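Colleague: Sequence and predicted structure are below.
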Amino acid sequence: MPRKKRVWFKYAMYHITNRGVRKMAIFYQEDDYLKYLEILEETRQQYPFTLHAYCLMTNHVHLLLQTLDHPISIIMKQLNTQYAKYFNKKYNLVGHLFQSRFGSELIDSLKYELDVSKYIHLNPVEAYMVDKAEDYRWSSYRAYAFHESNPHVHTEKILSHFPPPASYHYQQFTEQQDKLDPPPIIIKPFVGKFDHTR
């Protein structure tokens, strides 16, 4: 059966997931996480995109990624191929590193965009790796909650939907939404089904 063609258009945003084959680890050491981020930046130089959020887990990754002029398949092929080559050479392995195709869910509403960013940042907490999202090193959460410098991620778009101080309200939305009323969100109208201007 032929693979289903991925939906793509300029400025399309996706929740990307990529898991190690047989759910095996794709990061063993600190250097592996750093190398993945380095290759991500090299890929961005070749095929520009905007990364709005990310989390690198032990055996999978989450990316909230917005394309510009290149389809997501080209971007992810470059990223995955280069990281797999690095990983297999370092650990003297052969064969596939990632399980089948990467997952890509098209973001088609503001609510979904915000919910996905929350889900990505809470992944280490849900996996009982840390007690608080801010304690996990390999995600973009601290850039959102504390304005911590992070060259890999652009926080402006998502934070623009929260009133000032936006970082505080995003932190409340992410960490306490199930316990407290959600903070007020500045809803910007979409143009049709997708807002291609943001």
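Modeller: Looks like it arrived, so ask away. Numbers count the residues shown, from 1 in each chain.
Colleague: give me every residue that touches the residue nearest in space to the middle of the chain.
Modeller: Nearest to the mean C-alpha position of the chain, counting by Cα atoms, centre = their mean, stands L63 at 1.8 Å. Taking Cβ atoms under 8 Å, 6 or more residues apart in numbering, we find L63 in contact with Y14, H15, I16, N18, L51, A53, Y54. Placement of C-beta: from N, CA and C, glycine included.
Colleague: Pull out the buried positions in the longest helix along the chain.
Modeller: Across the chain, the longest stretch assigned as helix under DSSP state H is helix 72-90. For helix 72-90, the buried set under the neighbour-count rule, 16 or more other Cβ atoms under 10 Å, comprises I72, I74, I75, M76, Q78, L79, N80, Q82, Y83, A84, Y86, F87.
Colleague: returning to what we had before: hey, what's the residue nearest to the centre of the chain bridged with?
Modeller: Judged by DSSP bridges, the bridge partners of L63 are I16, Y54.
Colleague: And it, how far from K10?
Modeller: Look at L63 and K10: by Cβ to Cβ, to the nearest Å, they are 18 Å apart.
Colleague: likewise M24?
Modeller: 35 Å.
Colleague: related to what we said a few turns ago, from the contacts of L63, which is closest to Y141?
Modeller: Checking the contacts of L63 against Y141 by Cβ to Cβ gives A53 as the nearest, at 8.1 Å.
Colleague: Now do the helix or strand hosting S167: which elements does it pack against?
Modeller: Using DSSP states H and E, S167 falls within helix 166-176. Under the contact criterion of 3 or more Cβ pairs under 8 Å, 6 or more residues apart in numbering; DSSP states H and E, helix 166-176 touches helix 110-126, helix 141-146, helix 156-159.
Colleague: Can you list the buried residues in it?
Modeller: Neighbour-count burial for helix 166-176, counted by 16+ other Cβ under 10 Å, picks out A166, S167, H169, Y170, Q171, Q172, F173, T174, E175.
Colleague: And those, which is closest to Y112?
Modeller: Closest to Y112, out of all of these and judged by Cβ to Cβ, is F173, at 14.1 Å.
Colleague: Can you read off the pLDDT for the closest one?
Modeller: At F173, the pLDDT value in this model is 95.
Colleague: surely it meets K111?
Modeller: No - F173 is beyond contact range of K111, at 11.6 Å (criterion: Cβ atoms under 8 Å).
Colleague: Please name the nearest non-neighbouring residue to F146.
Modeller: S167 (6.7 Å; Cβ to Cβ, 6 or more residues apart in numbering).
Colleague: that older thread, orientation of the helix holding S167 relative to helix 110-126 in degrees?
Modeller: Counting by axes from the mean of the first three to the mean of the last three Cα atoms, to 10 degrees, helix 166-176 lies at 60 degrees to helix 110-126.
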